[in-house]
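Asker: Dropping a prediction and its sequence here:
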Amino acid sequence: MTVARIAFTPGEPAGIGPDLIVKLAQHAWPIELVVIADASLLAQRAALLNLPLTIRNYEPDEPAVAQTAGSLTVCHIPLTENVVVQQLNSNNANYVLTTLERASRGCLSREFAAVVTGPVHKGVINQAGIPFSGHTEFFAQHSKTPRVVMMLATEGLRVALVTTHLPLKDVPAAITRSAVEETLQILHADLAKKWGIANPRILVCGLNPHAGEQGHLGREEIDHIIPAIQSMCEQGFDVSGPYPADTVFQPHYLAEADAIVAMYHDQGLPVLKYKGFGNAINITLGLPFIRTSVDHGTALDRAGTHNIDDSSALLALRTAIDMVNR
Ligand SMILES: NC(=O)c1ccc[n+]([C@@H]2O[C@H](COP(=O)([O-])OP(=O)(O)OC[C@H]3O[C@@H](n4cnc5c(N)ncnc54)[C@H](O)[C@@H]3O)[C@@H](O)[C@H]2O)c1
Ligand SMILES: N[C@H](C(=O)O)[C@H](O)COP(=O)(O)O
């Protein structure tokens with residue numbers, strides 16, 4: 001049986017991404033885990049954490065081998081400057097983006113079966129003068145995919161977003177009928193393909209308080225969201241709403257739903273993270289490859305300490321492996 005290769009990008013080098021991959025390396029994996037990062041950074045972080053680590057250079061032309069505990073296969077990308085743990089350095093922003101670009105290129109060429117990402121610091125990349133709003137947008141742009149969907153998932157709840165990293169003032173204009181309908185189509189297709197749910201049931205939030213109160217508290221529901229839902233229903237999809245976002249996250253609604261669609265980041269993700277922070281994953285739907293990620297950020301204050309939770313990273317990797325196998 002051939003062994004799949006999965007790329008891992010640790011993200012911000014001063015944050016907990018390198019710690020997470022050193023911790024993941026303490027397990028054996030049924031795939032070759034190709035870490036796209038500076039090899040000396042990983043060796044230094046393992047030493048700091050006092051964890052065993054043998055680094056093997058990635059050889060793309062050799063057959064992939066399953067990962068043994070205590071080892072990592074590293075596709076070396078050199079840092080621009082040495083890393084001081086917990087200290088952001090905008091001079092390493094290009095390094096971070098080079099790791100993402102290498103992973104994306106490898107996924108598009110099928111060198112890698114999937115990519116799992118650690119957390120990046122969006123602010124420090126922008127501080128370096130490079131416009132960047134997130135992995136989701138980066139991978140969409142790099143793969144020339146016009147629309148992708150950010151979804152976070154934990155036990156008992158999946159939340160997909162119509163808009164991603166957008167200033168709140170720009171959200172209403174982005175809630176168009178086509179944006180909502182395309183999000184629903186991508187979500188429906190990926191729930192079927194990646195989770196094996198034959199006819200997913202999707203509940204859609206409104207944008208305004210009380211889903212617009214019949215137009216008295218905003219018209220986005222009437223003008224855009226309802227027409228998109230109706231169109232999906234006419235095509236035979238099990239989609240309902242718009243529901244007021246403050247009431248839809250109740251057990252009796254969730255019991256009937258495979259996913260909730262929220263209109264913007266902080267409408268849906270606080271609920272998801274309250275329910276499952278640390279035990280959730282972030283997945284980009286609609287990309288031409290599998291991408292999963294942790295549900296948390298760079299946690300700079302905890303980098304290089306033993307005080308981190310690697311549950312989300314473990315779940316992101318296990319989910320990617322399951323999806324590759326499926
Ligand atoms: N996947 C990603 O790339 C991703 C996701 C979210 C946030 N971010 C970025 O991370 C940066 C910091 O964001 P933030 O401070 O809002 O969120 P954060 O998740 O980094 O930290 C929030 C709190 O949770 C704690 N925490 C986070 N992950 C933890 C873990 N694995 N174990 C133990 N404690 C953990 C932190 O110490 C902090 O107290 C921002 O630049 C943001 O854009 C990146
Ligand atoms: N929106 C994500 C979250 O809150 O967890 C996070 O910023 C990561 O986004 P990307 O996967 O696009 O980097």
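Answerer: Done, it's in. Ligands and ions are numbered 1, 2, ... in the order given.
Asker: Please list the residues of this structure that sit near ligand 1.
Answerer: Selection of the chain residues close to ligand 1 by Cβ under 6 Å from any ligand atom yields 11, 16, 119-123, 135, 282, 293-294, 296-299, 301-302, 308-309. Placement of C-beta: from N, CA and C, glycine included.
Asker: wait, isn't residue 70 in contact with residue 52?
Answerer: Yes. If you go by Cβ atoms under 8 Å, residue 70 and residue 52 touch, sitting 4.6 Å apart.
Asker: what's the overlap in contacts for the two?
Answerer: Residues touching both residue 70 and residue 52 by Cβ atoms under 8 Å, 6 or more residues apart in numbering: residue 26.
Asker: Can you say which of the residues of the chain next to ligand 1 are buried?
Answerer: 11, 16, 119-122, 135, 282, 293-294, 296, 298-299, 308-309 (16 or more other Cβ atoms under 10 Å).
Asker: Which helix or strand contains the residue of the stretch 51-200 of the chain found nearest ligand 1?
Answerer: Nearest residue of the stretch 51-200 of the chain to ligand 1: residue 119, at 3.7 Å (Cβ to the nearest ligand atom). In the assignment (DSSP states H and E), residue 119 maps to no helix and no strand.
Asker: and if you look at the one 10 residues further on?
Answerer: Assessed by DSSP H and E, residue 129 sits outside every helix and strand.
Asker: Need phi/psi at it.
Answerer: Phi and psi for residue 129, reported as degrees, to the nearest 10, are phi 90, psi 10.
Asker: Give me the distance between it and ligand 2.
Answerer: Going from residue 129 to ligand 2 by Cβ to the nearest ligand atom, to the nearest Å gives 19 Å.
Asker: And the pLDDT at that residue?
Answerer: Looking at residue 129, its pLDDT is 97.
Asker: Near it, how many other residues are there?
Answerer: 8 (other Cβ atoms under 10 Å).
Asker: One more: residue 32?
Answerer: Residue 32 has 21 neighbouring residues, counting by other Cβ under 10 Å.
Asker: List the residues that contact it.
Answerer: 3-6, 64-67, 73.
Asker: Low-confidence stretches in the stretch 201-326 of the chain?
Answerer: Along the stretch 201-326 of the chain, no part satisfies pLDDT under 70.
Asker: How are the helices of it distributed by residue range?
Answerer: 220, 226-234, 245-248, 251-254, 265-276, 311-325 (DSSP state H, counting those that start in this stretch).
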